[in-house]
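Student: No sequence on hand, only this structure:
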């Protein structure tokens with residue numbers, strides 16, 4: 001008697017929960033098939049494949065790419081020579097490709113954090129992303145900021161003592177592999193930050209870029225570091241605008 005695999009059981013439960021199909025209660029119903037009858041086993045497998053295929057078709061109709069990709073792969077793996085597998089293989093590659101792209105898009109968008117709130121007597125709106133390299137405790141934030149008094153700015157903010165930069169300095173950078181130099185400066189307040197001089201030009205270039213690298217020198221031991229940012233998930237509409245006060249001082 002053929003027993004459903006553990007993975008198949010998980011897929012079946014998830015699909016039934018999503019679709020609410022009464023037919024799912026028949027999943028893996030091979031218990032009544034005599035073990036001695038090869039023909040009966042073959043018929044049971046054919047019926048099982050047909051039920052799985054029906055569920056796969058329903059998932060396609062409701063455009064549930066995640067479950068369709070998982071169930072479709074399961075059908076092809078468990079019933080490789082079946083008519084069900086043949087039908088699934090006609091649509092599965094596109095479903096998998098679409099789901100992979102959607103998953104990557106969600107991942108990239110999730111790297112960004114957007115905040116709006118009071119800051120030192122004004123209102124501040126930020127969009128921030130941590131470096132993917134280095135990561136963890138050594139990660140450095142890239143921050144886009146709009147402040148009602150200080151205006152718009154772009155800066156790096158680390159957890160250490162800051163960056164080496166005397167007066168105006170140049171940051172060697174790449175935008176999707178294309179080299180460019182970014183003019184930068186350290187703020188007067190002593191915070192561990194490094195500001196990009198041409199903030200709007202940086203934002204415009206970033207909007208057309210998937211990955212940015214910046215070579216900086218940390219004051220902690222004059223350590224050279226290449227910062228990497230996967231910026232493709234930036235959503236400009238989520239970085240809210242604020243009303244700028246006249247006479248505000250740039251910071």
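Tutor: Thanks, I have it. Since this is a predicted model, take the numbers as computed values, not measurements.

Student: all contacts plus neighbour counts: C-alpha atoms, from now on.
Tutor: Will do.

Student: chain center to the strand or helix carrying residue 46: distance?
Tutor: Using DSSP states H and E, residue 46 falls within helix 38-61. The chain centre lies 34 Å from the centre of helix 38-61; the measure is C-alpha atoms, centre = their mean, to the nearest Å.

Student: how far away is residue 210 from residue 108?
Tutor: Distance of residue 210 to residue 108, given as C-alpha to C-alpha, to the nearest Å: 10 Å.

Student: what is in contact with those two at once?
Tutor: Shared contacts of residue 210 and residue 108, defined by C-alpha atoms under 8 Å, 6 or more residues apart in numbering, comprise 230-232.

Student: Neighbour-wise, give me the winner out of the residues you listed.
Tutor: Within these, neighbour counts (other C-alpha atoms under 10 Å) peak at residue 231, which reaches 23 neighbours.

Student: And the strands in the stretch 51-200 of the chain?
Tutor: Applying DSSP state E, counting those that start in this stretch to the stretch 51-200 of the chain gives strands spanning 112-119, 122-130, 141-147, 151-157, 168-175, 178-185, 193-196.

Student: What pairs with the first one, parallel or antiparallel?
Tutor: The one in question is strand 112-119. When sheet partners are counted by DSSP bridges, strand 112-119 sits next to strand 122-130 (antiparallel).

Student: Report the buried residues of the partner strand.
Tutor: Buried residues in strand 122-130, counted by 16 or more other C-alpha atoms under 10 Å: 123-130.

Student: Let's test this: mean pLDDT of that strand, rounded?
Tutor: The average pLDDT within strand 122-130 is 96.

Student: Same check on stretch 75-90?
Tutor: Stretch 75-90 carries an average pLDDT of 96.

Student: any residues touching that stretch, and which ones?
Tutor: Under the criterion C-alpha under 8 Å, 6+ apart, residues 45-46, 49-50, 52-53, 72 lie in contact with stretch 75-90.

Student: contacting residues for the residue nearest to residue 116 when sequence neighbours are not counted?
Tutor: Closest residue to residue 116 apart from its sequence neighbours, by C-alpha to C-alpha, 6 or more residues apart in numbering: residue 125 at 4.4 Å. Neighbouring residues of residue 125 by C-alpha under 8 Å, 6+ apart: 114-117, 145-147, 239-242.

Student: Look up the pLDDT of the residue nearest the centre of the chain for me, please.
Tutor: The centroid of the chain falls nearest to residue 107 when counting by C-alpha atoms, centre = their mean (0.8 Å). The score at residue 107 is 97. That number is its pLDDT.

Student: how near is it to residue 47?
Tutor: Residue 107 is 38 Å from residue 47, where distance means C-alpha to C-alpha.

Student: From the contact counts, what lies against the helix or strand hosting residue 226?
Tutor: Per DSSP H and E, residue 226 falls inside strand 223-230. Applying 3 or more C-alpha pairs under 8 Å, 6 or more residues apart in numbering; DSSP states H and E, we find strand 223-230 packed against strand 211-218.

Student: Sweet, I'm off.
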